[in-house]
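K.L.:
When you get a sec, could you give me coordinates for this:
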Amino acid sequence: MPEGTLNEALGHRLLQLGVLLFLLGLLTGFAVPLFVNPRMGLSSHLEGILNGLLLMVLGLLWPRLILTRGWSKAAFALAIYGTFANWAATLLAAYWGAGASMPLAAMGHRGTSLQEGIVDFLLFSLSFAMIAVSVTVLRGLTSRPSASGFRDEEKVEGRHGR
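P.N.:
All right, here's what the predicted structure looks like:
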């Protein structure tokens, strides 16, 4: 599959998943009063909406990125993980009454050690994922295409059989 086609396909998938996450965020809003911690439920509602919008924006600009195939796939996977993990972490924290590492949204609620561990793992891992996505996308937007439309590393990798 040519690189341009791959980025177009990944961009389209990001749009689809962005709309899905946006919808999940909207639906989460209906459940806010039912959560053990409604304030954290509101956070989950907003995370779903905002991260859905982020995926849609990424989907629109993905075909413009100049990245190697590996970097494009890695950044795509990290973007999906980071955005859905953000929504899921706050949703779980709202449901469990957990999220001590988010004191403003947790409002004094604290879950079991396992629950807090799961929420913290999601929060910390998604933070690193989204930083990596941001740096990779910024790099992909500042790269200059070669005459063929791909980064020069692509041509070099192709000659060496990598």
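K.L.:
Around residue 57, how many other residues sit close by?
P.N.:
13 (other C-beta atoms under 10 Å). Bear in mind the C-beta positions are built from the backbone N, C-alpha and C, glycine included.
K.L.:
next one: the one 5 residues further on
P.N.:
When neighbours are counted by other C-beta under 10 Å, residue 62 registers 26.
K.L.:
any idea which helix or strand carries residue 42?
P.N.:
helix 38-61 (DSSP states H and E).
K.L.:
dump the residue contacts of residue 125.
P.N.:
Contact analysis of residue 125 by C-beta atoms under 8 Å, 6 or more residues apart in numbering lists 81, 85.
K.L.:
So for residue 141, what's the nearest residue that isn't a sequence neighbour?
P.N.:
residue 65 (6.5 Å; C-beta to C-beta, 6 or more residues apart in numbering).
K.L.:
pretty sure that neighbour contacts residue 137?
P.N.:
Yes: if you go by C-beta atoms under 8 Å, residue 65 and residue 137 touch, sitting 6.5 Å apart.
K.L.:
quick one on the thing from earlier: the helix holding residue 42: how far from the chain's middle?
P.N.:
With C-alpha atoms, centre = their mean, to the nearest Å as the basis, helix 38-61 stands 9 Å off its chain's centre.
K.L.:
same question, stretch 10-24
P.N.:
Chain-centre distance of stretch 10-24: 10 Å, with C-alpha atoms, centre = their mean.
K.L.:
hmm, back to that, if you count contacts, what does the helix holding residue 42 end up packed against?
P.N.:
On a contact count with 3 or more C-beta pairs under 8 Å, 6 or more residues apart in numbering; DSSP states H and E, helix 38-61 meets helix 3-31, helix 69-96, helix 103-106, helix 113-142.
K.L.:
Residue 39 is nearest to which of those helices?
P.N.:
Shortest distance between residue 39 and these, using C-beta to C-beta, is found for helix 103-106: 5.5 Å.
K.L.:
Counting by contacts, list what that closest one packs against.
P.N.:
If you count contacts as 3+ C-beta pairs under 8 Å, 6+ apart, helix 103-106 packs onto helix 38-61, helix 69-96.
K.L.:
Could you export the ones you listed to a markdown table, including columns for mean pLDDT?
P.N.:
Converted to a markdown table, the helices and strands packed on helix 103-106 look like this (pLDDT from 0 to 100):
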| stretch | mean pLDDT |
| --- | --- |
| helix 38-61 | 97 |
| helix 69-96 | 97 |
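K.L.:
any chance of those helices in CSV, with distance to residue 110 too?
P.N.:
Formatted as CSV, those follow (distance: least, C-beta to C-beta, whole Å):
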stretch, distance to residue 110
helix 38-61, 12
helix 69-96, 10
